[in-house]
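Chemist: have a look; sequence and predicted model below, questions after that.
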Amino acid sequence: MNRSLTAAGLVLMGFLVWQPAAAQPTDELLRALQREVETLKQGQGALQRDLEEIKRLLRARQVPAQPAPDDQPRNLRLSLDDSPAKGDASARLVLVDFTDYQ
Amino acid sequence: MVRDFPLESVHPHAFKAAEATHCAGETGKYWGMHERLFAHQRALSPADLLAHAQALGVDAAAVAECLNSGRHADRVRRGIAEGEQAGVRGTPTFFLAVAEPGAPTLRVLRVIRGAQPFAAFKAAIDGALAAPR
C-alpha cells in the first residue's frame, strides 16, 4: 500500500515536472515547427500547380462533340431514288438530309 | 439529297408542307418552296402553303389541286418509313453515304444528328474522302 502510493506520487511529480516543458516549447522546437509548416506549404503549392497542369492537359484533349462511335450505323443502306438533290448526280459521296419544315 | 421526315405527331402541318414542296416541284420550283417554307416555319397552314406558292409565282389553284389529290403523299410516306428504319429520331438528321456501284443504293458511312456546325460536316466528308475506297 505504502509502496504503491509512493509510486503514484513519483509518477505525479514526474508529470508536473514534465508539463511546463511541454507548455513552453523551446525556440528550437518553434523553429522546427516553422520549418515543417514551410515544407507543408511548399508541398501544397506543388500539388496545386500539378492540378492546374492536369486540368490544362484535360482541356486540351477535349475534342469537338462527336456522336459516340456506337451511335454510328453499321451496314445501313438508303435508297438512291429521285429525291430532290443538288450537286453532281454521279458524285461518289451523297449527303442525305431527313428534314421537316415545321 | 432531301428526304421528307415530317414529325406529324408534333407538327400537324408538316406533312402537307412536305407535299407542297413537291407540288411546287411540278413546275420546277421545288427548291424555292423548300427554302421559303424553312423561312416561314410558323406559317404552314393550308392557306399559307398556297400563299407561299403564289409568292414564288406558282399557280395557287394548281397547288391546291395537287395537295387535294395527295399524289405526292406516297413519296413523303416513303421518306418517313426509310427514316424510321434508319434510326432517324429527329430532324435534321444527315447521313453521309457512298453510292454503291451498279445498285440504286447508298451505303451509309456516318450519321450526323441535329444542326451541327459546318466543321462537323467537313470532318465527316474529309474522313470519308481519305478512307480507302
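Modeler: Nice, thanks for sending it over. Numbers count the residues shown, from 1 in each chain, chains lettered A, B, ... in the order given.
Chemist: checking B:Ala115 next. Helix, strand or coil?
Modeler: What DSSP: H, G, I helix; E, B strand; the rest coil gives for B:Ala115 is coil.
Chemist: tell me, how many residues neighbour it?
Modeler: As a burial measure, B:Ala115 scores 9 neighbours (other CB atoms under 10 Å in any protein chain shown). C-beta coordinates here come from the backbone N, C-alpha and C atoms, glycine included.
Chemist: B:Pro92 is in contact with that one, correct?
Modeler: Yes: assessed by CB atoms under 8 Å, B:Ala115 is found in contact with B:Pro92 at 6.0 Å.
Chemist: pLDDT of stretch B:84-97, averaged?
Modeler: In this model, stretch B:84-97 carries a mean pLDDT of 95.
Chemist: next: stretch B:34-43.
Modeler: Mean predicted confidence for stretch B:34-43 is 96.
Chemist: same deal with stretch B:125-133?
Modeler: Mean predicted lDDT for stretch B:125-133 stands at 86.
Chemist: ok, and what's touching that stretch?
Modeler: Identification of contacts with stretch B:125-133 by CB atoms under 8 Å, 6 or more residues apart in numbering or on different chains yields A:Leu93, A:Leu95, B:Leu96, B:Val98, B:Leu109, B:Arg110.
Chemist: for chain A, what lies in contact range of chain B?
Modeler: Counting by CB under 8 Å from any CB of the partner chain, the positions of chain A adjacent to chain B are A:64, A:66-67, A:71-73, A:76-81, A:83-86, A:91-102.
Chemist: which of these count as buried?
Modeler: A:73, A:76-78, A:80, A:83, A:85, A:93-102 (16 or more other CB atoms under 10 Å in any protein chain shown).
Chemist: from the residues you listed, which ones fall inside strands?
Modeler: Those of these mapping onto strands are A:Arg77, A:Leu78, A:Leu93, A:Val94, A:Leu95, A:Val96, A:Asp97, A:Phe98, A:Thr99, per DSSP state E.
Chemist: quick check: whichever residue of chain A sits closest to chain B vs A:Arg35, distance?
Modeler: The minimum distance from chain A to chain B, using CB to the nearest CB, falls at A:Gln102 (3.4 Å). Distance from A:Gln102 to A:Arg35, counting by CB to CB, to the nearest Å: 73 Å.
Chemist: same check on B:Val10?
Modeler: B:Val10 is 70 Å from A:Arg35, where distance means CB to CB.
Chemist: over to B:Ala131?
Modeler: 63 Å.
Chemist: over to A:Leu57?
Modeler: In terms of CB to CB, A:Leu57 sits 33 Å off from A:Arg35.
Chemist: quick revisit: got CSV for the ones in strands among the buried ones among the residues of chain A next to chain B, with pLDDT too?
Modeler: Output for these, formatted as CSV (pLDDT from 0 to 100):
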residue, pLDDT
A:Arg77, 95
A:Leu78, 96
A:Leu93, 94
A:Val94, 95
A:Leu95, 96
A:Val96, 97
A:Asp97, 97
A:Phe98, 97
A:Thr99, 96
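Chemist: which single one of those is nearest to B:Ala103?
Modeler: A:Arg77 (8.9 Å; CB to CB).
Chemist: count of residues packed around the residue in chain B positioned nearest to chain A?
Modeler: As assessed by CB to the nearest CB, chain A sits closest to B:His11 within chain B, at 3.4 Å. Look at B:His11: counted by other CB under 10 Å, it has 16 neighbours.
Chemist: same check on B:Gly79?
Modeler: 23.
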